[in-house]
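1. missing the sequence, but the structure's below:
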Ligand code: AMP
């Protein structure tokens, strides 16, 4: 009988999943991944196997309208495909672990109570992450679950990097810089000794450039600072989020333009960033393909903000040995990488144009003082590894 670990990443309208299998006595291996999207509107199911071949694609009925019904639908599919196997544990991506969860943890009622207290700090993500845990507990009460946090990797940063300089009573309510994308950064840190051994123990900035985008400054594989702060609105320009803006703008939206909290939240999370600048799309591929001047301006701004933050984090690290690109844009867009590297030439970075077009892994020239790399991220693998380890299911690393 095969043993499986299920990895879930639940959002407001989607449930992403990955299945890892452990053959008798072997390592964890990815089997399939996919998602139910459009939950509550027009739910669709999609899955690929480990070689990226499509193995499922169908529209689901209106009954799939929340976490519980989405999980039921996924469970039916899993039973058909992997019937006879055992799910030994479920690992979840949970956006917020606050200041207290500095590592993944086995879910208990007490842990859930503490994670619920963090909902106000991540209202657009945390409730859905927790709803998926509740749904699994309700359906399969005997299956152990593990919560893996996007914030944990950043705990242990210097006090100055975590500080939000507001009055003490406000800070005591949890207002500090947390940083996110931690599972992605942790994965990159874990493979750097193998893929980029020259820089693994040095000062490195990892650029996670996807529809959400952030930078992490690492020293010896540990987070020293990040461009994300209290929420995932801070830092770089993103697909639909603005990144860092003067908080005075937000006051103006409330006080002078009379916008509601809901309207401002919608604007900041869904209507800003590349989408707002270009007026065309939040998708980098569309912007790079477009001749619209505003699409070009959006790409210019994305590159400008990334290069400016790289300079700031290089200062935080007091110098830089390596720059790593990852996630959708970082892994796939040679043009965006080239432009960010050219803007970072002052740090001693010289690009190898051919290597960059071939997507690396090393994309800097042999003589470059600062080396640059492309390393694909794998947050699900990180969650599978944590889940296997915490549940005592594996002595070996997932592959
Ligand atoms: P992610 O959130 O990591 O899935 O990344 C999504 C982003 O990656 C979107 O903005 C996509 O347009 C972008 N992306 C994916 N492939 C490419 C590509 N070949 N060139 C440019 N951008 C890409």
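-> In hand now; what should we look at? None of the values given here were measured: they were computed from a predicted structure.

2. mind checking which helix or strand the one residue in the stretch 51-200 of the chain that gets nearest to the ligand is in?
-> Relative to the ligand, the nearest point of the stretch 51-200 of the chain is residue 184 (8.8 Å; CB to the nearest ligand atom). All C-beta spots, glycine's among them, are computed from the backbone N, C-alpha and C. Using DSSP states H and E, residue 184 sits within helix 182-195.

3. Show me what that helix is packed up against.
-> With contacts defined as 3 or more CB pairs under 8 Å, 6 or more residues apart in numbering; DSSP states H and E, helix 182-195 has these neighbours: strand 145-149, strand 203-209, strand 213-219, strand 222-226, strand 322-326, helix 379-390.

4. Just the buried positions in that helix, please.
-> 182-192, 195 (16 or more other CB atoms under 10 Å).

5. could you dump those to CSV with pLDDT?
-> As requested, these are exported to CSV (pLDDT from 0 to 100):
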residue, pLDDT
182, 98
183, 97
184, 98
185, 98
186, 98
187, 97
188, 98
189, 98
190, 97
191, 97
192, 98
195, 97
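
6. Which one of the residues you listed is nearest to residue 220?
-> residue 189 (8.9 Å; CB to CB).

7. Not counting its neighbours along the chain, what's nearest the closest one?
-> Leaving aside its chain neighbours, residue 189 sits nearest to residue 221 (3.9 Å; criterion: CB to CB, 6 or more residues apart in numbering).

8. OK, contacts around the one you found?
-> Neighbour list for residue 221: 189-190, 192-193, 200-201 [criterion: CB atoms under 8 Å, 6 or more residues apart in numbering].

9. Tell me which residue of the stretch 1-150 of the chain lies closest to the ligand.
-> For the stretch 1-150 of the chain, CB to the nearest ligand atom, closest residue to the ligand: residue 16, 10.8 Å.

10. Name the strands paired with whatever helix or strand that residue lives in and say parallel or antiparallel.
-> Here residue 16, judged by DSSP H and E, is contained in strand 15-22. The partner list of strand 15-22 in its sheet, established with DSSP bridges, is strand 3-10 (antiparallel), strand 29-37 (antiparallel).

11. which bits of this protein sit near the ligand?
-> 210-211, 239, 283-285, 288, 327-329, 332-333 (CB under 6 Å from any ligand atom).

12. buried subset of those?
-> By 16+ other CB under 10 Å, these give 210-211, 239, 283-284, 327-329, 332-333 as buried.

13. What is the most widely separated pair among the residues you listed?
-> 239 and 332 (14.4 Å).

14. Residue 170 belongs to a helix?
-> Yes - assessed with DSSP: H, G, I helix; E, B strand; the rest coil, residue 170 lies in a helix.

15. okay, the closest residue to residue 107 other than its chain neighbours: pLDDT?
-> In space, and not counting its chain neighbours, residue 107 is closest to residue 145: 4.2 Å by CB to CB, 6+ apart. Note on residue 145: pLDDT of 98.

16. ok now do residue 145, which residues does it touch?
-> Residue 145 neighbours (CB under 8 Å, 6+ apart): 89-92, 106-107, 133, 136-137.
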